[in-house]
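> Dropping a prediction and its sequence here:
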Amino acid sequence: MSGTATLSVERLVAGYDPGVPIVRGASIRVEPGEIVALLGANGAGKSTLVKAVAGLVPKFSGAVFLDGAEITRLPGHRLVRRGLAFVPQTENVFARMSIGDNLALAAAVLPHRERHARIDEMYGFFPGIAGRHGLLAGRLSGGERQMLAIARALMVRPRLLILDECSAGLSPKMVETVFVQLQAIRQSGVTILIVEQNVRAALAIADRAYVLADGENRHAGRVAELRNDPAIAELYLGAGRRVEAELR
Amino acid sequence: MNLQFVVDGFLTGAMIGLGAIGVTLTYSVLRFANFAHGEFLAWGAYATLVIAGLIGAAAGGDIASLGPFSFGWPVLVAGVAAMVLTGLLALALDAVLFRILRARGNAIVMVMASFGASMALRSLLEFIFTGAPAYFSRDIQIAIPLGAGIRVTPDQLLVLGLAVVLVAGMYLVMTRTTIGRAMRAVSENPTLSTVVGVDVERVIRATWLLGGALACAGGIMLGITVQIRPYMGFDLLLPLFAAAILGGIGSMPGAVVGGLIVGLAESAAVPLFGAGFRGAVAFLLLIAVLIVRPTGLFGMRE
């Protein structure tokens, strides 16, 4: 691959305690327009890696670049203005605020004249939350909350959208809906990095995937290559034969 | 039973409510109980007194009262300036004390530090101004009879009106502005706020500024309707916390409603049980709320 990657993470060491880093030298690269999946067993360091990229977990060494510009030391709130949007796994909406206020809060990054139009655009993109502007986000179902969280992240017209376990706790039907939505988001020009435990769903929409283990890169490649490598499924995708079968 | 306690209760409640807004904002955004908050009322009142005195001296001394009120225009101008200064005082206290402790992440230490700051700020006021009460004006006002045994002075009506305007303004700030939404967001989830692009440190600064300014307004109102003393804020501390907890920590309307309930209950206690019970009412209300509804009237569970 050549040219400037949308996201480039180089030998990142990150975690909560410098003496016990969770991410230990992982490197990933996400090209413009791609959907890349970050896979691995529980505790592999996937979520910590994306949280570190989003500025929520301390980075001890290594470097992170967004569209070629280094963002390693930028605080989380400034990354949003640089075009990086992150959807956390849990507590990803403000439950005590209305749907409208959740979106308006994110819209503050945009020029004033564009805010209302962008909120309307999001309602068009996510009909499930449209027409419920004043409803408290805490009253939404799990799937609707996920839609609101993604809509809120897209408010800022990000170049890179990172989703941490966006299928966790959702019904299979809702997972399908969310992943269809992600493909539509990619079509609109947004590059996507997803951290997933749901291997089948992730590989169904991803172009490439990285497999992490113990905070380090273990495998990387195009989805087809990973699908055809039973050893990878057996060793690194968490549940051995069951996961391997799932991959097929 | 004379209904005068209703007016007195609303007046006291309005002042408590304004102070309680700052308490509830500080508690929800910074996650600690700031026991120095009452001192902002006293410092605000004294700052207004000093600035009004300086304006009066600069203007030649003899300034007539404003319409039916007991004080002249310098008090209004000084009040606005003092609100800004008290906000800055709160900000300075954060910069030299709380921000350092916050970085270490120990809420109990911050609460203890706020006790220390409260004593230091109060003692400094007492050192500068002595413990003797001071007044914006010593003019005696004739109360206007409103019927049903209720009498109210023009100053009291003005204070009530100002409280309504400030609360309405604050409500608009919290619901219609970016900084207001950001404050609500940080109070609910600071990490998610960062993800959304909110500068949490900026929100913390805004919280100190607004909380300090509103406490100053409450102090000025207390100074206009009662008197100014170094202990005026400390004496209101328990009612402030009772109001904030009664309304539900984090809820601005809750703080105002809580303030009115505490104020009315305190005032009603005087004719019902005697003046000696007035101070106990806030404490009893606090205990009752913590037992029956710990989240308060408008509070939501985590």
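Cool, got the structure.

> where are the low-confidence patches of chain A?
Across chain A, the ranges flagged by pLDDT under 70 are A:1-2, A:231-248.

> Let me see the ranges of the helices in it.
A:46-53, A:76-81, A:99-107, A:115-125, A:142-154, A:172-187, A:199-205, A:223-227, A:230-236, A:241-247 (DSSP state H).

> go on, chain B?
B:4-30, B:37-58, B:73-93, B:99-104, B:107-129, B:154-176, B:178-188, B:190-196, B:200-225, B:232-247, B:252-273, B:278-292.

> Would you mark the buried spots in the longest one?
Residues of helix B:4-30 classed as buried: B:4-5, B:7-30 (neighbour count, 16 or more other Cβ atoms under 10 Å in any protein chain shown). Glycine gets a C-beta too; all of them are placed from N, C-alpha and C.

> Check stretch B:277-289 too.
Residues of stretch B:277-289 classed as buried by neighbour count (16+ other Cβ under 10 Å): B:R278, B:V281, B:A282, B:L285, B:L286, B:V289.

> residues contacting the third one?
Just to be clear, that refers to B:A282. Residues counted as contacts of B:A282 (Cβ atoms under 8 Å, 6 or more residues apart in numbering or on different chains) are B:L238, B:P239, B:A242, B:A243, B:V262, B:A265, B:E266.

> ditto for the second one
Contacts were defined as Cβ under 8 Å, 6+ apart; by that measure B:V281 touches B:V262, B:A265, B:E266, B:A269.

> how about a cut-off of 7 Å?
B:A265, B:E266, B:A269 (Cβ atoms under 7 Å, 6 or more residues apart in numbering or on different chains).

> For the contacts of B:A282, give me JSON lines that also has pLDDT, distance to chain A and neighbour count.
What follows is the contacts of B:A282, written out as JSON lines (pLDDT from 0 to 100; distance: Cβ to the nearest Cβ, whole Å; neighbours: other Cβ atoms under 10 Å in any protein chain shown):
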{"residue": "B:L238", "pLDDT": "88", "distance to chain A": "27", "neighbour count": "18"}
{"residue": "B:P239", "pLDDT": "90", "distance to chain A": "26", "neighbour count": "30"}
{"residue": "B:A242", "pLDDT": "90", "distance to chain A": "23", "neighbour count": "29"}
{"residue": "B:A243", "pLDDT": "92", "distance to chain A": "20", "neighbour count": "33"}
{"residue": "B:V262", "pLDDT": "91", "distance to chain A": "24", "neighbour count": "30"}
{"residue": "B:A265", "pLDDT": "89", "distance to chain A": "28", "neighbour count": "22"}
{"residue": "B:E266", "pLDDT": "89", "distance to chain A": "30", "neighbour count": "24"}
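
> one step back: for chain B, find the nearest of the helices of chain A.
helix A:76-81 (3.5 Å; Cβ to the nearest Cβ).

> what's stretch B:110-124 in contact with?
Outside of stretch B:110-124, the residues within contact range by Cβ under 7 Å, 6+ apart are B:32-36, B:38-39, B:42-43, B:93, B:97-98, B:101-102, B:230-231, B:234.

> Can you pull the residues of chain B lying near chain A?
Contacts of chain B with chain A, taken as Cβ under 7 Å from any Cβ of the partner chain, map to B:178, B:181-182, B:184-185, B:188-189, B:191-192, B:194-199, B:300.

> State the pair within those that is farthest apart.
B:D199 and B:M300 (24.8 Å; Cβ to Cβ).

> tell me the contacts of A:V80?
A:V80 sits next to A:V109, A:V156, B:V196, B:G197 when contact means Cβ under 7 Å, 6+ apart.

> In JSON lines, list the residues you listed along with distance to B:V50 and neighbour count.
Below are those laid out as JSON lines (distance: Cβ to Cβ, whole Å; neighbours: other Cβ atoms under 10 Å in any protein chain shown):
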{"residue": "A:V109", "distance to B:V50": "42", "neighbour count": "19"}
{"residue": "A:V156", "distance to B:V50": "47", "neighbour count": "22"}
{"residue": "B:V196", "distance to B:V50": "42", "neighbour count": "27"}
{"residue": "B:G197", "distance to B:V50": "41", "neighbour count": "22"}
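
> Roughly how far does the residue of chain B found nearest chain A sit from B:G233?
Residue nearest to chain A within chain B: B:G197 (3.5 Å; Cβ to the nearest Cβ). Applying Cβ to Cβ, to the nearest Å, the value for B:G197 to B:G233 is 36 Å.

> so who does residue 162 touch?
I'll assume chain A. A:I162 neighbours (Cβ under 7 Å, 6+ apart): A:V50, A:V53, A:A54, A:F86, A:L193.

> oops, chain B please
For B:L162, the contact set (Cβ under 7 Å, 6+ apart) comprises B:M221.

> Least reliable of the helices of chain B by average pLDDT, please.
If those are sorted by mean pLDDT, helix B:278-292 sits at the bottom with a mean of 83.

> between that one and helix B:252-273, how big is the angle?
130 degrees (axes from the mean of the first three to the mean of the last three Cα atoms, to 10 degrees).

> Model confidence for B:V152, exactly?
Value for B:V152, per-residue pLDDT: 87.

> ah, wrong one, I meant B:E302
54.

> now the residue of chain A positioned farthest from its centre: how far from chain B?
The C-alpha centroid of chain A is most remote from A:R113, which lies 28.4 Å away (Cα atoms, centre = their mean). Applying Cβ to the nearest Cβ, to the nearest Å, the value for A:R113 to chain B is 14 Å.

> separation between that residue and A:A202?
Taken as Cβ to Cβ, the span from A:R113 to A:A202 is 38 Å.

> got it, and B:R205?
Distance, B:R205 to A:A202, using Cβ to Cβ: 41 Å.

> who's more crowded, the two?
A:A202 (24 against 17; other Cβ atoms under 10 Å in any protein chain shown).

> Ramachandran coordinates for the nearest residue in space to that one that is not next to it in sequence?
Excluding its sequence neighbours, the residue lying closest to A:A202 (Cβ to Cβ, 6 or more residues apart in numbering or on different chains) is A:E196, at 3.6 Å. Backbone geometry at A:E196, expressed as degrees, to the nearest 10, gives phi -140, psi 140.

> do B:D139 as well
In terms of degrees, to the nearest 10, the main-chain angles of B:D139 are phi -60, psi 140.

> Verify the contact between it and B:S65 for me.
Yes - when contacts are counted by Cβ atoms under 7 Å, B:D139 is listed as touching B:S65 (6.3 Å).

> ok, these two, which is more surrounded?
Each of B:D139 and B:S65 has its neighbours counted (other Cβ under 10 Å); B:S65 has more, 15 against 11.

> Distance of A:A37 relative to chain B?
21 Å.

> Then A:L160?
To chain B, A:L160 is 13 Å away according to Cβ to the nearest Cβ.

> what about that residue, neighbour count?
Other residues close to A:L160 by other Cβ under 10 Å number 23.

> OK, contacts around A:R82?
Listed by Cβ under 7 Å, 6+ apart, the contact set of A:R82 reads A:L66, A:I71.

> gap between it and A:E121?
The value you get for A:R82 to A:E121, if Cβ to Cβ is used, is 21 Å.

> Get me the contact residues on chain A for chain B.
So chain A meets chain B at A:54-56, A:76-77, A:80-81, A:86, A:88, A:91-92, A:94, A:96-97, A:101, A:104-106, A:108-109, A:152, A:156 (Cβ under 7 Å from any Cβ).
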